[in-house]
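J.: No letters, just coordinates:
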C-alpha cells in the first residue's frame, strides 16, 4: 500500500512538473510573439514613411528613377514579407524571408540617401528633412525592437532545448524560433541621415 502511494505521489509530481514546463514554454513563446509584434509596428511605420520620402525626392531626382523604383519595390516586398511573418512569428521560413527582404530594403534606402546627399536643394527641403528625421528615429526603434525580439527568441529556444524540458517541448510541438538577423552587412548599419 505504501509503495502505491509513493508511486501515485511521484506520478502527481511528474504531472505537475510537466504542466509547469508546458506553461513556461507557452509564456516564452508568447513573449517572443509579442516582441515580434513590436517590430511589426515599427516596420509598418517605416513602410508608411517610405512612399512620402520617395514622392518628396521625385521632384528633385527626376533622373534617378531607377533608385526611386528600387526603393519602392524593396518596400513592397519587405511589407509583404512582414505581413506573412506577423501572421506566424514562429514560422522560421517567414522570419528568414523577412530578414532577407529587410536587408534589400536597407540597401535600397542607403543608396537613396547617398543620392540625396548630392542634391543641396533636396537636402535643404524642410519636408524632406522632417521625413529623414522620422525615418532615422524609426530605424533606431526597429533596431531596439529587433534586439528585444532576438533576446526573447533566445530565451524561448533555450527553454525548449534544455533537458528535461526538451522532452515536453518535443511532445507538444514547440518548434524552434528564428532570430531576426539582417542578411546583408550594409543593411546592418542604420540609415545615416545627414543634411
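T.: Arrived safely, thanks for sending. What you are looking at is a predicted structure, and each value in this text was computed from that prediction instead of being measured.

J.: Extract the residue ranges of this structure that are flagged as low pLDDT.
T.: Counting by pLDDT under 70, the chain has low-confidence residues at 183-195.

J.: quick check: longest helix of it.
T.: helix 2-58 (DSSP state H).

J.: for residue 175, phi and psi?
T.: In this entry, residue 175 is assigned phi and psi values of phi -80, psi 160 (degrees, to the nearest 10).

J.: so what's it closest to, chain neighbours aside?
T.: Counting by CB to CB, 6 or more residues apart in numbering, residue 175 lies nearest to residue 90, which is 6.4 Å off, once chain neighbours are set aside. For the C-beta atoms, the positions are set from N, CA and C on the backbone; glycine is no exception.

J.: for residue 54, same thing?
T.: According to CB to CB, 6+ apart, the nearest residue to residue 54 is residue 68 (5.2 Å).

J.: can you check residue 142 too?
T.: Counting by CB to CB, 6+ apart, residue 42 is the residue found nearest to residue 142 once chain neighbours are left out, at 4.5 Å.

J.: didn't that neighbour look like it was pressed against residue 143?
T.: No - counting by CB atoms under 8 Å, residue 143 is not a contact partner of residue 42; they are 9.0 Å apart.

J.: Does the residue nearest to residue 175 belong to a helix, a strand or coil?
T.: Following DSSP: H, G, I helix; E, B strand; the rest coil, the label given to residue 90 is coil.

J.: Run a quick neighbour tally on it.
T.: Neighbour count of residue 90, defined by other CB atoms under 10 Å: 18.
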